[in-house]
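Enquirer: Next one to model:
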Amino acid sequence: MTSGELPQQTKELHTPEIEPVDDKTPQPSEAVDQRHATEAELASLKYSLLGPSLTKAGQDKVDQSKVAEIIYNASKGSKFFNREEERDKALTAKIDQILTKKRQLEKLDLSRELRAADTLLAQLEASRDLTQHIVHLDCDAFYASVELLDRPELAELPFAVGGGVLTTCNYVARKFGCRSGMAGFVAKKLCPQLILLPLNFDKYNAKAAEVREILADYDPRFESASIDEAYLNITQYCIDHDMEAADVVLQMRKEIHEKTHITVSAGIAANARLAKICSNMNKPNGQFVLPRDRVAIMEFMRDLSCRQVNGIGRVLERELQAVGINTCGDVYTQRQFIEKLFGEKTYTFLLRCYLGLGRTNIQPAEEYERKSVGTERTFRDMDDPTQLREQLRRIAEELEKDMRRAECKGRTLCIKVKLHTYEVLTRQVAPPKAVYLADDLYNYSLPMLAKLEQEVPGLKLRLMGLRCTHLLSTRKPDAMAFFGFKPRRSDSGETGESTSGSRVKNAVSIEEEWEEWPAETSDDAHVDHADSSSGVNSPFRRHGKEILPNPKKNQQPAEEDQEVWWDCPICNRPQTPDERQFNEHIDLCLSRQTIRDTIQQVAASDPSPSKTHVPEITKTKEKKRGRQPAPADPRQKKLRFG
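Expert: Got it, this is the predicted structure:
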């Protein structure tokens, strides 16, 4: 018996003679509406449980309704399921409010909003750049492909990499509905014969370095978006080699396969947003070219599902579908409502999606301004105050290491905790000074943890993290550069490490992060930070967040020697380590010093009135201070700049 049938049964227990007129018992039609509402809520929850990686390659031929049913039954009753159910209900309530507001707007004259939207579209259109060849390169099931090199016998078998949560799986496993971000026990229900392999970041980082070396030949300033994907601007390469963009990418993909034995897919378009979408069109081991033509781009975006656009996830997709926006082309027909319903930021974003606009500036990831530095740990449910403080201390120590590598300190300190019910709470404080040391991080975050313990009786956590924002640089000022000289070569290797892990945040949406599932098979600790140079010490690092600086070409020994400076014994300024130039500089300094000595000797033997006036002023100042003037030292020379 369904929940929708219960009101009908209650109705039958009452006789017409005693049934009150104002009885609120649902009529049969109301019961049907309730049943439909319940079914709609259940459908939305099941769709939400499919996870953020629903659009991954290899999922297009999978019966997603069957996958959703298996995930629903496997996770039903768990803490994660209950939390997702609450979030789905909250989203449903929010959508109801959006629809109510839209019905009110439909009764108004929105001609002004239409004109404003058309004006903004014209302004955005004027910024369109069709001169660049932007490429998004994505390795096919990267972790699985690397593992396959060592275990070729798994080529035709379904396998995945990861334990508690899958980081990736091969295309055989994807046919069963398995995908990254899925809990391991759920994947086993979808594919009982699934083989799970442990993570090995040493192999992945080494293979990623090989790929990066090749990419640098085509665009030295390529942008690493993650360990297995990158953006390149090959416009100049096409000009220099007189090649079409498609031919260049085909050559690049062939070279990567020959040297690294893994396959990559690519999207070629006029901007990064379109290239990202195109790279998923012909996966695996394929490429897709979108012509640099406005008409072709508009036609391509018109029928494109909103979910295929990077930045539109499960939540925004449902909200857009509720108001009638299923494809990017639908944005135009609803343009008068969008700003009122979703705000200015989403409004501009959606209009840019409709036009197929995106950024064309591609630069190394380490050159982006870093907004925050943070680290967090996932562990088994923990409620002991002593153990929680021990975890907080370890997190503070990890964060100090990251802050030192990033050469910064933070003016704001945030603590993040995830309850055993999967509810996430955050608190922040502005310390009286910018912090980066573990002691300071711990001491300023401890009161926030204590306050959370008071606010939530019986606090039980499964995740804790610290993050510093409003960053200030701790790099020492470069006095050499200030005076126009090249900086001295640093003896410490921290400068090279400081860029490791830097990542522009706006390029990563919340939907790209791992979906949190009950960690039934996970170890007791997990450190999530983006330093890939240090380690591979955590097998539960989030997939794809490791960012390394672009590889540099090997320099000649002569160029290396240029970094060693010779100090001039006269002026103490660093000079180029070239004997001829160094001797010429010393001769010049000696000549200047000789001229100064001669002038001083002449002035001492034949003082002029102007010269005798200066000591009088000095004598007056000394008398005012109540001190006797010291006798002049003939060996001491006056210092002058220039």
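Enquirer: From here on, just use CA atoms for contacts and neighbour counts.
Expert: OK.
Enquirer: got a pLDDT number for the closest residue to Lys460 other than its chain neighbours?
Expert: Of all residues not flanking Lys460 in the chain, Asp383 sits nearest, at 4.3 Å (C-alpha to C-alpha, 6 or more residues apart in numbering). Note on Asp383: pLDDT of 93.
Enquirer: Show me what secondary structure element comes after whatever helix or strand Ile277 lives in.
Expert: When elements are assigned from DSSP states H and E, Ile277 belongs to helix 272-278. Downstream of helix 272-278, the first helix or strand assigned by DSSP H and E is strand 287-289.
Enquirer: Strand partners (parallel or antiparallel) of that following strand?
Expert: strand 264-269 (parallel) (DSSP bridges).
Enquirer: residues making contact with the partner strand?
Expert: Applying C-alpha atoms under 8 Å, 6 or more residues apart in numbering, the contact partners of strand 264-269 are 133-140, 245-246, 249, 253, 256-257, 274-292.
Enquirer: pretty sure the residue nearest to Lys460 contacts Pro457?
Expert: No. Asp383 is beyond contact range of Pro457, at 10.3 Å (criterion: C-alpha atoms under 8 Å).
Enquirer: Give the burial count for the residue nearest to Leu437 when sequence neighbours are not counted, as a bare number.
Expert: Spatial nearest neighbour of Leu437, excluding adjacent residues (C-alpha to C-alpha, 6+ apart): Glu400 at 5.4 Å. When neighbours are defined as other C-alpha atoms under 10 Å, Glu400 has 24 of them.
Enquirer: Next: the one 3 residues further on.
Expert: Counted with other C-alpha under 10 Å, the neighbours of Met403 add up to 26.
Enquirer: Surely it touches Val373?
Expert: Yes. With contact defined as C-alpha under 8 Å, Met403 counts as touching Val373 (6.8 Å).
Enquirer: hey, where'd the strands end up in the stretch 151-300 of the chain?
Expert: Assigned by DSSP state E, counting those that start in this stretch, the stretch 151-300 of the chain shows strands spanning 159-162, 166-169, 195-197, 223-226, 229-233, 264-269, 287-289.
Enquirer: Mean neighbour count and mean pLDDT for those strands - can I get that in a markdown table?
Expert: Output for the strands of the stretch 151-300 of the chain, formatted as a markdown table (neighbours: other C-alpha atoms under 10 Å; pLDDT from 0 to 100):
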| stretch | mean neighbour count | mean pLDDT |
| --- | --- | --- |
| strand 159-162 | 26 | 92 |
| strand 166-169 | 25 | 91 |
| strand 195-197 | 16 | 93 |
| strand 223-226 | 24 | 90 |
| strand 229-233 | 26 | 95 |
| strand 264-269 | 28 | 97 |
| strand 287-289 | 21 | 97 |
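Enquirer: quick one: which of these is nearest Gly358?
Expert: strand 264-269 (10.1 Å; C-alpha to C-alpha).
Enquirer: any idea how far Phe222 is from Lys552?
Expert: Applying C-alpha to C-alpha, to the nearest Å, the value for Lys552 to Phe222 is 12 Å.
Enquirer: how about low-confidence regions in the stretch 101-250 of the chain?
Expert: By pLDDT under 70, the stretch 101-250 of the chain has no low-scoring segment.
Enquirer: which residue packs closest to Ala155, ignoring adjacent ones?
Expert: Per C-alpha to C-alpha, 6+ apart, closest to Ala155 is Leu148, 6.8 Å.
Enquirer: Tell me the helices and strands packed up against whatever helix or strand that neighbour lives in.
Expert: When elements are assigned from DSSP H and E, Leu148 belongs to helix 142-150. With contacts taken as 3 or more C-alpha pairs under 8 Å, 6 or more residues apart in numbering; DSSP states H and E, helix 142-150 sits against strand 159-162, strand 166-169, helix 201-218.
Enquirer: helices and strands around the second one, which ones?
Expert: Same thing as strand 166-169. Short answer (3+ C-alpha pairs under 8 Å, 6+ apart): strand 166-169 packs on helix 142-150, strand 159-162.
Enquirer: And the ones you listed: which comes nearest Leu413?
Expert: The nearest among the helices and strands packed on strand 166-169, by C-alpha to C-alpha, is strand 159-162 at 31.7 Å.
Enquirer: ok, Gln336 - contacts?
Expert: Gln336 sits next to 110-111, 113-114, 117 when contact means C-alpha under 8 Å, 6+ apart.
Enquirer: what about the host helix or strand of it, distance to the chain center?
Expert: In the assignment (DSSP H and E), Gln336 maps to helix 335-342. Centroid separation for helix 335-342 versus its chain: 28 Å, with C-alpha atoms, centre = their mean, to the nearest Å.
Enquirer: likewise stretch 276-283?
Expert: Using C-alpha atoms, centre = their mean, the offset of stretch 276-283 from its chain centre is 20 Å.
Enquirer: Which positions within it qualify as buried?
Expert: Buried residues in stretch 276-283, defined by neighbour count with 16 or more other C-alpha atoms under 10 Å: 276-281, 283.
Enquirer: So if I had to pick from Lys552 and Phe222, which one is more boxed in?
Expert: More crowded of Lys552 and Phe222, by other C-alpha under 10 Å: Phe222, with 24 against 9.
Enquirer: distance of the residue lying closest to the more buried one once chain neighbours are set aside from Asn205?
Expert: Among residues not flanking Phe222 along the chain, Leu232 sits closest, at 4.7 Å (C-alpha to C-alpha, 6+ apart). Separation of Leu232 from Asn205 (C-alpha to C-alpha) stands at 20 Å.
Enquirer: ok, now Ile395?
Expert: The value you get for Ile395 to Asn205, if C-alpha to C-alpha is used, is 24 Å.
Enquirer: Can I get stretch 316-333 in CSV, CA atoms only?
Expert: Presented in CSV, the C-alpha positions along stretch 316-333 are these (Å, rounded to 0.1, in the frame of the first residue of the first chain):
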residue,chain,number,x,y,z
LEU,A,316,21.1,24.5,-11.1
GLU,A,317,20.0,22.0,-13.8
ARG,A,318,16.8,21.2,-11.8
GLU,A,319,16.1,24.9,-11.2
LEU,A,320,16.5,25.7,-14.9
GLN,A,321,14.4,22.8,-15.9
ALA,A,322,11.6,23.9,-13.6
VAL,A,323,11.3,27.3,-15.4
GLY,A,324,11.5,25.7,-18.9
ILE,A,325,15.2,25.9,-19.7
ASN,A,326,16.5,22.5,-20.8
THR,A,327,18.9,23.6,-23.5
CYS,A,328,21.2,26.6,-23.9
GLY,A,329,18.9,27.8,-26.7
ASP,A,330,16.0,28.0,-24.1
VAL,A,331,17.9,30.7,-22.3
TYR,A,332,16.9,33.2,-25.0
THR,A,333,13.2,32.6,-24.7
